[in-house]
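**Q** Fold the stuff below for me.
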Amino acid sequence: MARFLVVDDDGLSQKLLADTLRGLGHRVSTAGDAREALQVLSSGTYEGVITDVRMPGLDGIELCRRIALLADAPPVALTSADSYFDVHEEALGRAVRPAAFLQKPFDPSAVGRVIHALIDGEATTRPGAPQPVTGTIPAHRDEHPEWLLEARGVVSRLSPARMWFVAWRRRATGAILVRGPTTATIGLRRGQIVDIGGISGLVPGQGTGAGNDNLSAAVTSAMLAGATIETALASAAAGIARWLIGTRTGFVEWDRRWTPGADSIPLPGSAAMVLSEAIAELPLEPLLGGWQTISTARVTARTPADALPDRWGLDSPTLRAHRLATGQTVQALVYELSGGVPQRRSGAVRALELLLLLNLVTVKD
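**A** Numbering: from 1, shown residues only. Got it, this is the predicted structure:
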């Protein structure tokens, strides 16, 4: 049995979380704001603090920073109805690294995982201490917060599409570099594509040089041909997605030093959505043939550690495919996803192809 402090200015949220912790067998104290929380901490020892982010006066992030200065500082979990990405980015910008994050509205299993992180982890808000960010979803090795900084390798083993997906989920700013005979650059701002270099033919029917060397050239070329800015941007996004899917050779790496121009315009759509649209253009028979060769294998779903499913950008059929993936044969998965209707196999296979491309499922021999 551990002792925790729950900090929330919303009385109902405070009570629900405190009651959940007590139901798990822990002792709980409560505070209605950050200043009260600091007073409570000065008079006792706690195994962890769970604090709301949005509070009047000192907010939860500032409270986290001040707790780190205390002797025997307990680890702190932040809870918010805001997305993990928004809270994590704001905390990092203020040099704060909480031990865990709990999404509102929460459920008992999520609370249990956060409690486990607080009890078993280090007091990660202390400067210089190990500082893992533990979400409410089990982590995997290549979903570590430093994954993008370390990501590099041959394209056949590390898809640049996969790198874009991770960067989009993390709202990362930098560039994907694909080195071959020439170097292609895909510049991202907060995970969205804002510039490209060395990729030609982004705008179909506009000549072999259209879109070569920068994104504005592709968009301008489309607009000169009569497209609106919206359709030109969508066309460029589709072209980049087709290029990413079709790239089979080269060396890929992440360049965190790349910075976007002040006037850069982000392309529309999530990474998964744009890539899914590009996969829908692929011939069906080769896809079916490829999956049939592994139909006796088992697929295993992987769960990213740093984003809830609604932040993956997947459509409903693909999310369902991911949910069904653990422990099912490909054949059974396609059957369930398509409802047994052969004509609907194409949607199921394309969903699997997208999941495989993004490394959200793996296939075992």
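**Q** In which helix or strand does Tyr335 reside?
**A** helix 330-338 (DSSP states H and E).
**Q** Please point out which parts of that helix sit buried.
**A** By neighbour count with 16 or more other C-beta atoms under 10 Å, helix 330-338 contains the buried residues Val330, Leu333, Val334, Tyr335, Leu337, Ser338. Every residue, glycine included, has its C-beta placed from N, CA and C.
**Q** residues in contact with the last one?
**A** Okay, so that is Ser338. By C-beta atoms under 8 Å, 6 or more residues apart in numbering, the contact set of Ser338 is Arg344, Arg345, Gly347, Ala348.
**Q** contacting residues for Val117?
**A** For the record, residue 117 is Ala, not Val. Contact analysis of Ala117 by C-beta under 8 Å, 6+ apart lists Pro75, Ala77, Ala99, Ala100, Thr134.
**Q** Give me the subset of those residues lying in strands.
**A** The members of the contacts of Ala117 that map onto strands under DSSP state E are Ala77, Ala100.
**Q** Redo the contacts of Ala117 as CSV? Include neighbour count.
**A** Output for those, formatted as CSV (neighbours: other C-beta atoms under 10 Å):
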residue, neighbour count
Pro75, 27
Ala77, 24
Ala99, 26
Ala100, 25
Thr134, 23
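**Q** Can you name the two of the contacts of Ala117 that sit furthest apart?
**A** Greatest spacing in the contacts of Ala117, by C-beta to C-beta: Pro75 and Thr134 (9.6 Å).
**Q** circling back to that earlier point, and whichever helix or strand comes after the helix holding Tyr335 with helix 330-338, angle?
**A** Scanning forward in sequence from helix 330-338 by DSSP H and E, the next helix or strand is helix 345-357. Note on geometry: by axes from the mean of the first three to the mean of the last three C-alpha atoms, to 10 degrees, helix 345-357 and helix 330-338 are set 120 degrees apart in direction.
**Q** pLDDT (mean, whole number) over helix 345-357?
**A** Mean pLDDT, helix 345-357: 90.
**Q** Same question for stretch 78-94.
**A** What stretch 78-94 shows for mean pLDDT is 75.
**Q** Just the CA coordinates for that stretch, please, in CSV.
**A** C-alpha atoms of stretch 78-94 as CSV (Å, rounded to 0.1, in the frame of the first residue of the first chain):
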residue,chain,number,x,y,z
LEU,A,78,0.3,14.8,-15.1
THR,A,79,-3.3,14.3,-15.9
SER,A,80,-5.3,16.3,-18.5
ALA,A,81,-8.1,16.1,-21.0
ASP,A,82,-5.6,17.7,-23.4
SER,A,83,-3.7,15.3,-25.7
TYR,A,84,-0.5,13.6,-24.5
PHE,A,85,1.4,15.4,-27.3
ASP,A,86,0.2,18.9,-26.3
VAL,A,87,1.0,18.3,-22.6
HIS,A,88,4.4,16.6,-23.3
GLU,A,89,5.5,19.3,-25.6
GLU,A,90,4.5,22.1,-23.2
ALA,A,91,6.3,20.3,-20.4
LEU,A,92,9.5,19.8,-22.4
GLY,A,93,9.4,23.5,-23.4
ARG,A,94,9.5,24.4,-19.7
